[in-house]
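1. this one's structure only:
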């Protein structure tokens, strides 16, 4: 467990240097290499749970909407799901809240790709317009606790052409901690069976054990 905490602390320190302004990166590889491009401003727009990032420059707006991988808004990380897949299904357009997990992996929160919100559009995690000031972890934790059907995913890999594959954090994923981090695993397993895989429980456990930043 000490190793997990050390990795989380190091990750948090490396992330702190990126929190002073608004930036975007074009690919998962760029994110991993710290290649960010600065933005002057951005607007969050949307309806119900389906949110979009809006840039005043039309050409740049299309890039952010369709091609960019992630946007960093002060202390809040947002990941573009436009080319993100899980089990062969595409999530849909829009940005999801994300967190830095352990040794730099990205964790994001969303419904399953085939599940729709009340508007009939692919569900994207909702934000208050003040999310930057409140802080991403607190907003996501509160929202996940109040809404069913949200799960946590890790960006698993990126293919040539921009397609990205995600992996859900579920019982199978968490099983790896049973022997090497029994207290952490027991905390996860303490939730009711039908709630263990929920974003509310995953974020609760990961925040408590300082595995996300």
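-> Yes, it's here. If you're wondering where the values come from, they're calculated on a predicted model, not measured in any experiment.

2. quick one: contacts for residue 187?
-> Going by C-beta atoms under 8 Å, 6 or more residues apart in numbering, residue 187 touches 205, 208-209. (Glycine included, C-beta is placed from N, CA and C.)

3. tell me where the chain has strands.
-> Secondary structure of the chain (DSSP state E): strands located at 22-25, 37-39, 43-47, 50-54, 70-73, 76-80, 84-86, 89-90, 95-101, 105-110, 151-158, 164-168.

4. lowest-confidence stretch among those?
-> Mean pLDDT per stretch puts strand 43-47 lowest among the strands of the chain, at a mean of 55.

5. confirm for me that residue 95 is in contact with residue 78.
-> Yes: counting by C-beta atoms under 8 Å, residue 78 is a contact partner of residue 95 at 4.1 Å.

6. list residues touching both of these two?
-> Taking C-beta under 8 Å, 6+ apart as the contact rule, residue 95 and residue 78 both touch 53, 71.

7. one step back: can the strands of the chain go into JSON lines with extra columns for mean neighbour count and distance to residue 183?
-> As requested, those are exported to JSON lines (neighbours: other C-beta atoms under 10 Å; distance: least, C-beta to C-beta, whole Å):
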{"stretch": "strand 22-25", "mean neighbour count": "20", "distance to residue 183": "35"}
{"stretch": "strand 37-39", "mean neighbour count": "13", "distance to residue 183": "41"}
{"stretch": "strand 43-47", "mean neighbour count": "13", "distance to residue 183": "38"}
{"stretch": "strand 50-54", "mean neighbour count": "18", "distance to residue 183": "37"}
{"stretch": "strand 70-73", "mean neighbour count": "22", "distance to residue 183": "32"}
{"stretch": "strand 76-80", "mean neighbour count": "25", "distance to residue 183": "28"}
{"stretch": "strand 84-86", "mean neighbour count": "20", "distance to residue 183": "29"}
{"stretch": "strand 89-90", "mean neighbour count": "13", "distance to residue 183": "35"}
{"stretch": "strand 95-101", "mean neighbour count": "24", "distance to residue 183": "19"}
{"stretch": "strand 105-110", "mean neighbour count": "24", "distance to residue 183": "21"}
{"stretch": "strand 151-158", "mean neighbour count": "20", "distance to residue 183": "20"}
{"stretch": "strand 164-168", "mean neighbour count": "19", "distance to residue 183": "23"}
